[in-house]
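[1] what's the 3D shape of this:
(one chain, ligands or ions: 1)
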Amino acid sequence: MAGLPMDQRDGWIWFDGELVPWKEAKVHVLTHGLHYASCVFEGQRAYGGEVFKLREHTERLIRSAGMLDFEIPYNADQIDQACREVLKANNLVDAYMRPVAWRGSEEMGVPARNNKVHFAIATWEWPSYFTREERLKGIRLAWSKWKRPSPETIPSHAKAAGLYMICTLSKHAAMDAGYTDSMMLDYRGYVAEATGANVFFIKGKQIVTPMPDCFLNGITRQTVIGLARERGYTVTEKHMMPEELADFDECFLTGTAAEVTPVREIGDYKFTPGEACTTLIDAYSEAVTPNKAAAE
Ligand code: PMP
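    Numbering: from 1, shown residues only. Next up, the predicted model:
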């Protein structure tokens, strides 16, 4: 499947209440979501046939829609059920899953109260980019020229399409300069997050991570904070200026797609993936594996 365009695959997509053949899951060009970014989505992963933290993702999706002033026409139980259904229909056990909700094409213009809300869920195989050894070398990040916006500028805590415009621009600039990803500051100049992942900094048993007051408090981030505390690390959430990065030895990103990904460079700041990175990569992969006891 690798390399096939996303609209040319085989399988089933859950679309407005039914499973439709993959290539037929289409929208009209005059869709409000496309013109005005009235669109929210989730990124979640299934491991061994179960979507990790499914209810948390579903609840965030419903909240994100609310922040954009629309309501998904399904409740959390129905959405969870649809996620399980689409995974089964595609015969997948380890997969990435993308629920997405958007306003339709009934009327064109900024107001959209009469535009129907649509909801779809697609799922496909998306293995980790790197083996454990490759991952442990750490990726390189460039600083972004774009800043995460204030919660007074945009609903910053929604997982909404419009908030990814500057992520794509940041990621392109970083990749063009030979880096893997980009680190964004926020509107105040504090260290914020990468283009699709949260960031952590480590010195010994002390872990510090930016306060998520104007960007996503990732579900992986929250999971990893718990796992780190269970393993004797102290975890502090605070506002961090870029200069403070010089105080840390290790750094990693967290996200549903990234899982726990060590970082070796952010601009001129260098890190060496070590004990915290290995411990938390392993702890996270254990946490996402269902039926741990049965597998042993
Ligand atoms: N920030 C951004 C911008 C993201 O796209 C993601 C991925 N959803 C995250 C953080 C991490 O969130 P999560 O751990 O819930 O996947």
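[2] all contacts plus neighbour counts: C-alpha atoms, from now on.
    OK.
[3] Just to be sure, residue 141 is in a strand?
    Yes: using DSSP: H, G, I helix; E, B strand; the rest coil, the assignment for residue 141 is a strand.
[4] How many neighbouring residues does residue 110 have?
    Other residues near residue 110 come to 10 when the count uses other Cα atoms under 10 Å.
[5] Same question for residue 67.
    Other residues close to residue 67 by other Cα under 10 Å number 18.
[6] For the ligand, see how far away it is.
    From residue 67 over to the ligand the distance is 16 Å, taken as Cα to the nearest ligand atom, to the nearest Å.
[7] again, but for residue 226
    Note on residue 226: its distance to the ligand, by Cα to the nearest ligand atom, is 13 Å.
[8] now the strands: where do they sit in the stretch 151-296 of the chain?
    Using DSSP state E, counting those that start in this stretch, the strands found in the stretch 151-296 of the chain span residues 181-186, 191-194, 198-203, 206-210, 234-238, 250-255, 259-266, 269-270.
[9] Compile the ones you listed into CSV and extend it with columns for mean neighbour count.
    What follows is the strands of the stretch 151-296 of the chain, written out as CSV (neighbours: other Cα atoms under 10 Å):
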stretch, mean neighbour count
strand 181-186, 24
strand 191-194, 26
strand 198-203, 22
strand 206-210, 20
strand 234-238, 15
strand 250-255, 25
strand 259-266, 24
strand 269-270, 17
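[10] the helices in the stretch 151-296 of the chain, which residues?
    Using DSSP state H, counting those that start in this stretch, the helices found in the stretch 151-296 of the chain span residues 165-176, 219-230, 275-288, 292-295.
[11] Next, count neighbours for the residue of the stretch 51-200 of the chain found nearest the ligand.
    Residue nearest to the ligand within the stretch 51-200 of the chain: residue 196 (3.4 Å; Cα to the nearest ligand atom). By other Cα under 10 Å, the residues close to residue 196 number 20.
[12] Report the spatially nearest residue to it, omitting neighbours in sequence.
    Closest residue to residue 196 apart from its sequence neighbours, by Cα to Cα, 6 or more residues apart in numbering: residue 255 at 6.9 Å.
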